[in-house]
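1. Sequence plus the predicted model coming up.
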Amino acid sequence: MPTVLGLTNDSKTSTGTTPNSLATNSSRTMGKNERLDTISKRNHAAAHEMEVLLWRAICDSPEAAKEYLAEDCIMINPLFNPNRSSKPLSKDTEPSIEDILKGAERFTGFRFHGKPMVVEVDLMAVALVYKISLFRLRSGGRGKGEREIVASGSSTWRQTAGADWLLVAQHVQFAEGEEDDDEDGEGY
């Protein structure tokens, strides 16, 4: 018998065998057919999804990534900083995170090396660590194609009362030897 919430206690219909049943469609990741039947699983899936959305925004238009940042976000990211500084940034620093994103060079794409590792910080907060390759067009007539920049990253996301996830901290650093690996003279 259906209830107000659309759930049923009838064993014949609660098995999820019909294509449109709640048991079949609820708590699934998009396209992966993996059950997200716990808060922990949903948080881990959201962490991966938000990190991908953030890097897609950075590649499309770095300034557009601001929509994913919490008001109190802090960041260290020499890949964005024009002088490749590892100085911590916030909305109150000079330059601010917003200033850095406005002037950041675009990347043409990104690729995670394996699946980012996720840990729950709290019921509504997660942290990820990963290795990432970012791609940028070569400049200055020194060959054609893209240049790969390898970095390690760490992000912390917080879920708001409205169920949105916002980035509260990020630390991206050139992978070992990458900052000094300047074969093209491009100054990365």
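-> Thanks, I have it. Residues are numbered from 1 along each chain as shown.
2. Can you show me the helices along the chain?
-> 22-25, 39-60, 97-103 (DSSP state H).
3. And the closest residue in space to K144 that isn't next to it in sequence, what's its pLDDT?
-> Once flanking residues are discounted, K144 sits nearest to R138: 6.5 Å by Cβ to Cβ, 6 or more residues apart in numbering. Backbone N, C-alpha and C define where each C-beta goes, glycine included. With respect to pLDDT, R138 scores 77.
4. Check whether R138 really touches E148, as I assumed.
-> No: with contact defined as Cβ atoms under 8 Å, R138 does not reach E148; the gap is 10.5 Å.
5. returning to that earlier point: of the helices of the chain, which is nearest H113?
-> helix 39-60 (13.0 Å; Cβ to Cβ).
6. helices or strands up against the closest one?
-> Applying 3 or more Cβ pairs under 8 Å, 6 or more residues apart in numbering; DSSP states H and E, one finds that helix 39-60 makes contact with strand 109-112, strand 117-122, strand 125-137, strand 146-159, strand 165-174.
7. to the chain's geometric centre, what's the distance from that helix?
-> On the basis of Cα atoms, centre = their mean, to the nearest Å, helix 39-60 is displaced by 4 Å from the centre of the chain it belongs to.
8. outside of that helix, which residues touch it?
-> Outside of helix 39-60, the residues within contact range by Cβ atoms under 8 Å, 6 or more residues apart in numbering are 27, 29, 34-36, 64-65, 67-68, 104, 106-110, 115-116, 118, 120, 123-124, 126-128, 130, 132, 134, 155, 157, 159, 165, 167.
9. now the residues you listed: which count as buried?
-> 36, 65, 68, 104, 107, 110, 116, 118, 126-128, 130, 132, 134, 155, 157, 159, 165, 167 (16 or more other Cβ atoms under 10 Å).
10. before we move on, back to that, can you check which of the helices and strands packed on helix 39-60 gets nearest to N83?
-> Taking the helices and strands packed on helix 39-60 one by one with Cβ to Cβ, strand 165-174 is closest: 13.8 Å.
11. Adjacent strands (with direction) for the closest one?
-> strand 69-76 (parallel), strand 146-159 (antiparallel) (DSSP bridges).
12. coming back round to it: dump the helices of the chain to JSON lines, plus distance to N83.
-> What follows is the helices of the chain, written out as JSON lines (distance: least, Cβ to Cβ, whole Å):
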{"stretch": "helix 22-25", "distance to N83": "50"}
{"stretch": "helix 39-60", "distance to N83": "19"}
{"stretch": "helix 97-103", "distance to N83": "11"}
